[in-house]
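Peer 1: Show me how the following folds:
(one chain, ligands or ions: 2)
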Amino acid sequence: MIKITIDEEACVGCTLCVDECPTDVFEFDEEKRIPRVVKEKECFGCLSCSEICPASAITHEDVIQSEEYYHDMDNIKLASRLAAEVHLPNSPSDDKHKKAALDDLGIRLLSVASVFRQTLGGSLPAVGTMAGRTLATQLPRYHVPEDFGEALKMAVEQFSPAWNLKPEYDGSSKLDIKVGKCFIRELCKDEGIELGGDLCVLFYNYIAGYLGKMGDARLKLLQSTPGDKECKYNVEVFTK
Ligand code: SF4
Ligand code: SF4
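Peer 2: Ligands and ions are numbered 1, 2, ... in the order given. Down below sits the predicted model:
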């Protein structure tokens, strides 16, 4: 059986592991400001919690390789390939073709999101995060960002074909991101899908995973506010 250990001295009490775990293994002790392992048997060894932890405070023993879903290269490649194509539609340059390509991608994302949702319950955020992180490691590194602020600026440019990201960052822990143009919002409108659903969850976590990897930080979503013309995300940033 998998054994989970939390280094309580190292833990910074961010609650990211509690939010991230697809099977709700943790409960947060508000008084002591640390997570408790309450359902160890439910752990299936995805290692999302240790990946997201900014303090590297969570370790697992006896994780069988086949249980490491997010470390299975085929699954990672599938999720990252589907998501990676989102921000790389510079060709074809023709707007009509670009829209058709994005619509097609959106439909594929929608089906992959619902498959993940059905097969792995609440794991969609973790899948999005891993896909974003994987993308960050696959990009050519012409320029490695010096800090999280620079990673943000790079992301704005990087994702601009599909998303108009407008971040406001205070340089430490407070980050607000407004999203103007968004191909997922357009897709939801066209398909009659309510905003804020699986695609939006995948989108946010994809960006958060990418930013976390590029800027050596972990992001905690405090509030998301979908809107017809603009969506807002209030985020807390934990830099290492
Ligand atoms: S490894 Fe996955 S299932 Fe296990 S506690 Fe961590 S997040 Fe939860
Ligand atoms: S993610 Fe790490 S630092 Fe944050 S609460 Fe969990 S164990 Fe503590």
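
Peer 1: can you map out the strands along this protein?
Peer 2: Per DSSP state E, the chain carries strands over the ranges 3-6, 26-29, 34-37, 58-61, 163-169, 174-182, 217-225, 231-239.

Peer 1: buried residues in the first one?
Peer 2: Within strand 3-6, the residues that qualify as buried are I4, I6, counting by 16 or more other CB atoms under 10 Å. For the C-beta atoms, the positions are set from N, CA and C on the backbone; glycine is no exception.

Peer 1: can you check the second one too?
Peer 2: Neighbour-count burial for strand 26-29 flags F26, F28 (criterion: 16+ other CB under 10 Å).

Peer 1: can you redo the strands of the chain as a markdown table with mean pLDDT?
Peer 2: Below are the strands of the chain laid out as a markdown table (pLDDT from 0 to 100):
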| stretch | mean pLDDT |
| --- | --- |
| strand 3-6 | 96 |
| strand 26-29 | 96 |
| strand 34-37 | 97 |
| strand 58-61 | 94 |
| strand 163-169 | 95 |
| strand 174-182 | 95 |
| strand 217-225 | 94 |
| strand 231-239 | 95 |
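
Peer 1: What residues does this structure have near ligand 1?
Peer 2: Within reach of ligand 1 by CB under 6 Å from any ligand atom, the chain has these residues: 4, 20-23, 25, 43-49, 60.

Peer 1: These in helices, which ones?
Peer 2: Using DSSP state H, the subset of these located in helices is E20, S48, C49.

Peer 1: which sections of the protein are below the confidence cut-off?
Peer 2: 65-122, 139-142 (pLDDT under 70).

Peer 1: Domain-wise, how is it divided?
Peer 2: Domain ranges of the chain: 3-69, 72-239, per automatic domain parsing.

Peer 1: What is the neighbour count of the residue lying closest to S224 once chain neighbours are set aside?
Peer 2: Counting by CB to CB, 6 or more residues apart in numbering, S224 lies nearest to Y233, which is 5.2 Å off, once chain neighbours are set aside. For Y233, the neighbour count with other CB atoms under 10 Å is 23.

Peer 1: Can you say which of the residues of the chain next to ligand 1 are buried?
Peer 2: Applying 16+ other CB under 10 Å to those flags 4, 20-22, 25, 43-49, 60 as buried.

Peer 1: between the residues you listed, which is nearest W163?
Peer 2: Checking these against W163 with CB to CB, the nearest one is E20 at 22.9 Å.

Peer 1: these two touch, right, R218 and G212?
Peer 2: Yes. If you go by CB atoms under 8 Å, R218 and G212 touch, sitting 5.4 Å apart.

Peer 1: any residues in contact with both of the two?
Peer 2: Counting by CB atoms under 8 Å, 6 or more residues apart in numbering, the contacts common to R218 and G212 are I52.

Peer 1: What residues does the protein have near ligand 2?
Peer 2: 6, 11-17, 35, 52-55, 57-58.

Peer 1: out of these, which are buried?
Peer 2: For those, a neighbour count by 16+ other CB under 10 Å gives the buried set as 6, 11, 14-17, 35, 52-55, 57-58.

Peer 1: Which of those residues fall within helices?
Peer 2: The members of these that map onto helices under DSSP H are L16, C17, I52.

Peer 1: Fine, thanks again, bye for now.
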